[in-house]
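Student: prediction below, plus the sequence it came from.
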Amino acid sequence: MKVVCPNNKSHKRFTVTAHVTERWLVDEDGLVVEIVPGESEVIHRPDADDLFECVDCDTTAMSTWK
């Protein structure tokens, strides 16, 4: 995949959403006490269908499979 800023091709950093699960230690009220180390999993990695925002100019970038 290749992500390109439409305003400036030298911009190389983008924000995008990924979906991650975590295993939590909770108390009797269901409140988080701590996040269990090593117990996370990526459910959805960013792909070409996601919205990428350029960090430098806050423009929606174009992504393509390469």
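Tutor: All right, it came through fine.
Student: please make it C-alpha for all contacts and neighbour counts, starting now.
Tutor: Noted.
Student: what distance do you get for the residue nearest to residue 47 when sequence neighbours are not counted to residue 26?
Tutor: Spatially, and ignoring its direct neighbours in sequence, residue 47 is nearest to residue 1 (7.5 Å; CA to CA, 6 or more residues apart in numbering). For residue 1, the distance to residue 26 equals 39 Å [CA to CA, to the nearest Å].
Student: try residue 50
Tutor: For residue 50 relative to residue 26 (CA to CA), the value is 32 Å.
Student: SS state for residue 34?
Tutor: Following DSSP: H, G, I helix; E, B strand; the rest coil, residue 34 is assigned to strand.
Student: check it and give its pLDDT.
Tutor: For residue 34, the pLDDT comes out at 97.
Student: so it sits against residue 25, correct?
Tutor: Yes. Assessed by CA atoms under 8 Å, residue 34 is found in contact with residue 25 at 5.3 Å.
Student: shared neighbours, the two?
Tutor: Common neighbours of residue 34 and residue 25 are not found (criterion: CA atoms under 8 Å, 6 or more residues apart in numbering).
Student: what residue ranges in this protein score low on pLDDT?
Tutor: In the predicted model of the chain, residues 66 satisfy pLDDT under 70.
Student: ranges for the strands of the protein?
Tutor: Ranges of strands in the chain, per DSSP state E, are 2-4, 14-15, 19-26, 32-44, 52-54, 60-64.
Student: okay, those in a markdown table with mean neighbour count next?
Tutor: Formatted as a markdown table, the strands of the chain follow (neighbours: other CA atoms under 10 Å):
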| stretch | mean neighbour count |
| --- | --- |
| strand 2-4 | 17 |
| strand 14-15 | 16 |
| strand 19-26 | 12 |
| strand 32-44 | 11 |
| strand 52-54 | 22 |
| strand 60-64 | 17 |
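Student: residue contacts, residue 26?
Tutor: Per CA under 8 Å, 6+ apart, neighbours of residue 26: 32-34.
Student: for residue 29, same thing?
Tutor: Contacts of residue 29 (CA under 8 Å, 6+ apart): none.
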